[in-house]
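# Sequence and predicted structure, then a few things I'm wondering about:
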Amino acid sequence: MMAKVIIQAPPLFVPREDAAEALGISKSTVEALVRSQDLPPPREISRGRVGWLWRELVEFAESRPVSQLRPGPGRRKYDQSEQTTE
């Protein structure tokens with residue numbers, strides 16, 4: 001008897017709530033990014049059901065520029081001496 005193979009992969013489609021969570025933004029920001037054409041629009045999965053391709057969310061995230069702001073509250077720009085290149 002052959003062993004069952006389990007393949008782990010990211011989902012193909014994700015709903016708005018999961019797209020927002022994956023990108024670390026609100027659902028309304030997802031909608032605003034779609035309206036401004038910065039984020040690809042959702043795709044029709046079935047009648048009345050839409051979602052974003054996981055691949056397109058990853059591509060969007062990877063296309064974002066490197067921030068010049070420190071993370072967290074009280075953000076301010078990094079000093080040139082603090083920036084490192086990798």
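Here it is on my side, so go on.

# Let me see the backbone angles for Leu53.
Dihedral angles of Leu53 (phi, psi; degrees, to the nearest 10) stand at phi -70, psi 130.

# do Leu33 as well
phi -70, psi -40.

# Pull out the buried positions in stretch 38-50.
The neighbour-count check on stretch 38-50 (16 or more other CB atoms under 10 Å) flags 39, 42 as buried. Yep, even glycine has a C-beta here, placed from its N, CA and C like the rest.

# Span of it from start to end?
This stretch, stretch 38-50, spans 18 Å end to end (CA to CA, to the nearest Å).

# So for it, mean pLDDT?
Averaging pLDDT along stretch 38-50 gives 96.

# where's Glu44, which helix or strand?
Using DSSP states H and E, Glu44 sits in strand 43-46.

# Provide the strand pairings for that strand, with the direction of each partner.
Paired with strand 43-46 in the same sheet, following DSSP bridges, are strand 49-53 (antiparallel).

# Return the distance of the helix or strand just after the strand it pairs with from the chain's centre.
Next helix or strand after strand 49-53 toward the C-terminus (DSSP H and E): helix 54-63. Computed by CA atoms, centre = their mean, to the nearest Å, the separation of helix 54-63 from the middle of its chain amounts to 6 Å.

# just to revisit the earlier point, then the strand holding Glu44 to PDB, C-alphas only?
Taking Å, rounded to 0.1, in the frame of the first residue of the first chain, the C-alpha atoms of strand 43-46 are listed here in PDB:
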ATOM      1  CA  ARG A  43     -11.100  37.700  -9.300                       C
ATOM      2  CA  GLU A  44     -14.400  36.000  -9.600                       C
ATOM      3  CA  ILE A  45     -14.200  32.500  -8.100                       C
ATOM      4  CA  SER A  46     -17.800  31.600  -8.500                       C
END
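
# Taking the centroid of this structure, which residue is nearest it?
Leu23 (3.4 Å; CA atoms, centre = their mean).

# That residue touches Glu62, doesn't it?
No - under the criterion of CB atoms under 8 Å, Leu23 makes no contact with Glu62, lying 11.4 Å away.

# Contact partners for Pro41?
By CB atoms under 8 Å, 6 or more residues apart in numbering, the contact list for Pro41 reads Val34.
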